[in-house]
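S.K.: Provide a 3D model corresponding to the input given below.
(one chain, ligands or ions: 2)
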Amino acid sequence: MKHFLKETDFTPQEVAKVLELARELKRKRGRNDPVLSQQTWALIFAKASTRTRVSFEVGIQELGGHALFLNKNDLHLGRSESVADTARVLSRFVHGLVVRTYAHSDVEELARCGSVPVINALTDLLHPCQVYTDVFTAAERWAGPTGNLLAALRGRKIAFLGDTRFNMANSWILGAALFGMHIVLAGPKGYEPGTQINDLLKAEGFADTYQFTTDPDAAVENADIVYTDVWASMGQEEEAKPRRRLMQPYAVTAKLFAAAKPDALFMHCLPAHPGEEVEQAVLDNPRSVVFDQAENRLHVQKAILVMLARQARG
Ligand code: CP
Ligand code: NVA
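M.R.: Numbering: from 1, shown residues only. Ligands and ions are numbered 1, 2, ... in the order given. Next up, the predicted model:
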């Protein structure tokens with residue numbers, strides 16, 4: 001059974017297909033084949049979500065399927081029923097699971113114990129739907145309507161600033177390796193990427209594919225993309241104050257953004273906290289593509305759903 005828990009769950013050939021399919025689905029929006037006809041996909045969310053939840057619900061519906069949203073509190077999951085049994089039971093009812101939770105091991109367990117495809121809609125370790133969308137958003141600009149999307153990404157430099165030790169940074173570390181991009185992460189001392197992502201990178205056959213620095217200016221030099229995320233993620237609310245002080249030097253100000261390539265893109269997965277990790281002026285810059293990223297969640301996730309549904313059908 002094919003799952004999408006991490007960036008490298010699609011082979012390089014499949015990755016190219018996902019991106020091409022996303023471009024086609026975006027072009028044909030409203031006229032998509034009902035690939036998920038007669039299917040129900042369950043969305044299990046243990047954390048808040050605007051983009052991911054809505055884009056999956058709309059995307060599943062546009063592909064002819066039905067989305068069943070389940071707040072984690074609605075289920076016995078993790079309280080009086082194990083992750084494994086939840087996977088076994090839900091697999092008898094639905095055709096796929098889209099899961100947002102804390103421990104990455106939970107999505108792995110759901111995938112291992114169930115018999116339907118599982119999509120990672122964000123864990124503390126990774127946010128692969130976001131990174132696929134981010135590369136698609138950059139590639140559609142760089143490649144145009146007919147150019148090779150993957151080729152447009154190869155060799156590009158991304159600077160990731162701020163919280164360099166959580167899901168978005170991790171996913172971009174893995175994504176950059178997969179898409180042949182060069183990534184430099186700039187964050188405070190003590191926020192170097194952790195062992196979990198380093199081990200995963202090694203297990204996937206990548207070595208020394210990223211650089212970490214405490215110098216934000218060095219990171220943005222020559223960058224094609226300047227990326228940031230909130231400084232305190234969901235579940236880290238109590239650390240917000242000390243992080244604000246520590247991460248201040250890594251805020252994407254207009255001055256810092258101007259030090260990247262003259263045509264560099266600004267990206268943020270959103271939600272953003274203007275005045276903290278990014279200045280409002282940068283969000284408003286014509287080279288900020290944050291709302292294209294948000295929209296493209298729909299098209300890219302539809303492509304992922306189509307790929308998984310086709311493979312599940314055999
Ligand atoms: N970027 C993202 O995943 O947003 P949501 O938390 O709103 O889903
Ligand atoms: N790092 C953020 C991403 C939100 C889309 C979080 O986990 O809260």
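S.K.: can you report phi and psi for Pro12?
M.R.: The phi/psi pair for Pro12 (degrees, to the nearest 10) reads phi -50, psi -40.
S.K.: contact residues of the stretch 201-314 of the chain facing ligand 1?
M.R.: Residues of the stretch 201-314 of the chain lying close to ligand 1 by C-beta under 6 Å from any ligand atom are Cys269, Leu270. The way it works is simple: take the backbone N, C-alpha and C, and place the C-beta from them, glycine included.
S.K.: again but with the stretch 51-200 of the chain, I slipped
M.R.: So far as C-beta under 6 Å from any ligand atom goes, the stretch 51-200 of the chain lies against ligand 1 at Arg51, Thr52, Leu122, Gln130.
S.K.: ranges for the helices of the protein?
M.R.: Ranges of helices within the chain are 12-27, 51-62, 83-93, 104-113, 128-143, 149-153, 167-179, 195-203, 216-220, 240-247, 254-258, 280-283, 290-313, based on DSSP state H.
S.K.: wait, doesn't Gly175 sit right on Glu7?
M.R.: Yes. With contact defined as C-beta atoms under 8 Å, Gly175 counts as touching Glu7 (4.9 Å).
S.K.: give the residues shared as contacts by these two.
M.R.: Common neighbours of Gly175 and Glu7 (criterion: C-beta atoms under 8 Å, 6 or more residues apart in numbering): Pro128, Val131, Tyr132.
S.K.: what residues are up against Gln61?
M.R.: Per C-beta under 8 Å, 6+ apart, neighbours of Gln61: Ala67.
S.K.: got it, and Met247?
M.R.: Contacts of Met247 by C-beta under 8 Å, 6+ apart are Gly162, Asp163, Gly187, Pro188, Trp231, Glu277.
S.K.: can you list the residues of the stretch 201-314 of the chain near ligand 2?
M.R.: Counting by C-beta under 6 Å from any ligand atom, the stretch 201-314 of the chain sits next to ligand 2 at Asp229, Val230, Ser233, Met234, Cys269.
S.K.: quick one on the thing from earlier: out of the contacts of Met247, give me the one that has the most neighbours.
M.R.: Gly162 (30 neighbours; other C-beta atoms under 10 Å).
S.K.: now that residue: phi and psi?
M.R.: Per degrees, to the nearest 10, the backbone of Gly162 is at phi 110, psi -110.
S.K.: pretty sure it contacts Trp231?
M.R.: Yes. Between Gly162 and Trp231 there is a contact under C-beta under 8 Å: 5.7 Å.
S.K.: between these two, what contacts are shared?
M.R.: What both Gly162 and Trp231 touch, as defined by C-beta under 8 Å, 6+ apart, is the set Met247, Glu277.
S.K.: circling back: dump the shared contacts of Gly175 and Glu7 into CSV; add neighbour count and distance to ligand 2 as well.
M.R.: Listed next are those as CSV, based on neighbours: other C-beta atoms under 10 Å; distance: C-beta to the nearest ligand atom, whole Å:
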residue, neighbour count, distance to ligand 2
Pro128, 27, 12
Val131, 26, 11
Tyr132, 27, 14
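S.K.: which of those residues sits closest to Pro242?
M.R.: Val131 (27.4 Å; C-beta to C-beta).
S.K.: nearest residue to the closest one in space, please, no chain neighbours.
M.R.: Nearest in space to Val131, with sequence neighbours left out and distances taken as C-beta to C-beta, 6 or more residues apart in numbering, is Gly175 at 3.9 Å.
S.K.: list the contacts for the one you found?
M.R.: Glu7, Pro128, Val131, Tyr132, Asp134, Val135, Met181.
S.K.: so where's this structure uncertain?
M.R.: Confidence mapping of the chain against pLDDT under 70 gives the ranges 314.
S.K.: name the nearest residue to Leu200, ignoring sequence neighbours.
M.R.: Here the residue nearest Leu200, using C-beta to C-beta, 6+ apart, is Leu174, at 6.7 Å.
S.K.: neighbours around the residue of the stretch 151-300 of the chain found nearest ligand 2, how many?
M.R.: For the stretch 151-300 of the chain and ligand 2, the shortest gap (C-beta to the nearest ligand atom) falls at Ser233, measuring 3.3 Å. If you count neighbours by other C-beta under 10 Å, Ser233 ends up with 19.
S.K.: what of the one 3 residues further on?
M.R.: A count of neighbours around Gln236, defined by other C-beta under 10 Å, yields 14.
S.K.: which ones are touching it?
M.R.: Gln236 makes contacts with Phe166, Arg243, as judged by C-beta under 8 Å, 6+ apart.
S.K.: where's it relative to Thr86, distance?
M.R.: Going from Gln236 to Thr86 by C-beta to C-beta, to the nearest Å gives 26 Å.
S.K.: again, but for Ala143
M.R.: Ala143 is 41 Å from Thr86, by C-beta to C-beta.
S.K.: same deal with Glu109?
M.R.: Relative to Thr86, Glu109 is positioned 9 Å away (criterion: C-beta to C-beta).
S.K.: surely the residue of the stretch 151-300 of the chain closest to ligand 2 and Arg165 touch.
M.R.: No. Counting by C-beta under 8 Å, Ser233 does not reach Arg165; the two are 10.1 Å apart.
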